[in-house]
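>>> Predicted model and sequence follow; I will ask about them next.
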Amino acid sequence: MAEKLPMTHCSRFLLPPTTTGTGNGSLPPAYALIILNQRLPRFSPLLWEHAKTRMCADGGANRLFDNMPELFPNEHDVSVIRKRYKPDLIKGDMDSIRPGVLNFYRNLGTKIVNNSDDQDTTDLHKCITYVLDVVSDDEKSNLCILVAGALGGRFDHEMGNVNTLCRFSTTRIVLLSDDCLIQLLPSTQNHEINVLSSVEGPHCGLIPIGTPCGSSRTTGLQWNLDNTEMRFGGLVSTSNIVKEETVTVRSDSDLLWTISLKKQT
Ligand SMILES: Nc1ncnc2c1ncn2[C@@H]1O[C@H](COP(=O)(O)OP(=O)(O)OP(=O)(O)O)[C@@H](O)[C@H]1O
Ligand SMILES: Cc1ncc(C[n+]2csc(CCO)c2C)c(N)n1
């Protein structure tokens with residue numbers, strides 16, 4: 001059987017942007033940022049700087065409005081901060097955004113898309129379909145969607161957010177909270193994860209979601225998988241520890257990769 005192509009992963013969006021590219025000859029990813037209705041992670045200004053497109057899923061706009069100024073305690077004019085962080089788009093069923101916040105961003109020129117007719121998909125899902133609709137096929141191969149505020153509070157929302165990783169499994173999507181990130185590793189490729197130890201790790205996990213996994217192999221972890229079977233309801237890898245700069249993962253079914261984020265990020 002033909003060897004699967006390698007897919008590389010690196011959380012360079014947690015480091016300040018550089019103008020020097022990735023350093024390995026490949027194009028840096030084109031990031032889009034989606035802000036959800038959950039506490040804004042402390043490193044959101046960095047994600048914002050990296051992103052080419054910035055959007056809020058419905059009540060995510062309240063979080064941008066309320067929490068972004070709190071991340072700049074030395075700046076006293078909150079309206080200057082709010083104007084600096086103007087989203088390109090607010091999209092959703094609009095049952096959570098406060099009218100004052102909606103008016104504020106509308107007056108700044110933010111595009112507002114009301115999808116209250118769709119009560120079958122989440123606001124995050126609606127934002128992802130928007131990104132995929134506006135991006136060309138060429139750009140899609142280089143796209144990486146960063147989702148801020150994906151965990152905490154309501155378990156149905158958390159699972160809904162994880163489900164979007166599976167629904168859009170051919171798109172690179174990273175779910176982020178203050179504490180960790182989560183992404184899907186499709187079984188169609190072998191994975192090389194470049195761990196940035198200044199900002200992430202050492203705790204990590206590999207979770208088979210959806211279908212059981214007959215065989216997975218890893219390198220670079222304290223408890224490596226060696227042709228190991230995993231299934232939800234059986235073995236899943238939690239509280240694993242990154243031991244090397246590069247972690248490799250190959251598996252016959254999709255896995256969720258999660259890694260802790262360091263507090264000083
Ligand atoms: N407690 C939470 N934990 C994780 N994600 C959340 C939480 N609350 C909201 N979200 C995310 O933020 C998005 C916008 O949420 P919002 O509260 O504006 O709308 P909602 O009506 O509760 O959500 P939806 O319309 O998507 O069901 C949701 O689609 C979800 O992805
Ligand atoms: C089986 C089933 N369960 C829940 C909902 C409700 N729902 C799902 S996503 C969403 C948010 C719309 O922005 C809402 C209200 C449904 N439609 N179908």
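That came in fine, so what should we check first? Ligands and ions are numbered 1, 2, ... in the order given.
>>> Buried ones in the lengthiest strand in the chain, by neighbour count?
Taking DSSP state E as the criterion, the chain has its longest strand at strand 200-208. By neighbour count on 16 or more other C-beta atoms under 10 Å, the buried set for strand 200-208 is 200-201, 203-208. Placement of C-beta: from N, CA and C, glycine included.
>>> Stretch 39-54 now?
39-41, 43-44, 46-48, 50-51, 53-54.
>>> is it true that residue 211 lies in a strand?
No: counting by DSSP: H, G, I helix; E, B strand; the rest coil, residue 211 is located in no strand; its state is coil.
>>> hang on, it packs against residue 255?
No: counting by C-beta atoms under 8 Å, residue 255 is not a contact partner of residue 211; they are 10.2 Å apart.
>>> Convert the C-alpha atoms of the helix or strand bottoming out on mean pLDDT in the chain to CSV, please.
Lowest by mean pLDDT, DSSP states H and E among the helices and strands of the chain is helix 137-140, with a mean of 88. Provided in CSV are the C-alpha atoms of helix 137-140 (Å, rounded to 0.1, in the frame of the first residue of the first chain):
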residue,chain,number,x,y,z
ASP,A,137,-9.7,26.3,-3.7
ASP,A,138,-6.0,27.2,-3.8
GLU,A,139,-6.3,29.1,-0.5
LYS,A,140,-8.2,26.3,1.1
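>>> if we can go back for a sec, which residues touch the longest strand of the chain?
Strand 200-208 is contacted by residues 11, 14, 181, 185, 195, 216, 218, 221, 225, 230-232, 236-243, 247, 249, 251, 253-262 when judged by C-beta atoms under 8 Å, 6 or more residues apart in numbering.
>>> what lines up beside that strand in the sheet?
Strands that pair with strand 200-208, judged by DSSP bridges, come out as strand 237-241 (antiparallel), strand 255-261 (antiparallel).
>>> winner for burial among those?
strand 255-261 (a mean of 21; mean count of other C-beta atoms under 10 Å).
>>> Could you give the separation of that one from the chain centroid?
Here the centre of strand 255-261 is set off from its chain's centre by 11 Å, with C-alpha atoms, centre = their mean, to the nearest Å.
>>> Next, the buried residues of stretch 239-254.
Those would be 240, 242, 247-251, 253-254, for stretch 239-254 by 16+ other C-beta under 10 Å.
>>> Quick one, grab the pLDDT at the nearest residue to residue 51 once chain neighbours are set aside.
Nearest residue to residue 51, sequence neighbours excluded (C-beta to C-beta, 6 or more residues apart in numbering): residue 33, at 3.8 Å. In this model, residue 33 is scored at 98, pLDDT.
>>> which other helices and strands contact the helix or strand containing residue 33?
Element membership for residue 33, per DSSP states H and E: strand 30-35. Identification of packing neighbours for strand 30-35 by 3 or more C-beta pairs under 8 Å, 6 or more residues apart in numbering; DSSP states H and E yields helix 44-50, strand 51-57, helix 60-67, helix 123-134, strand 143-148.
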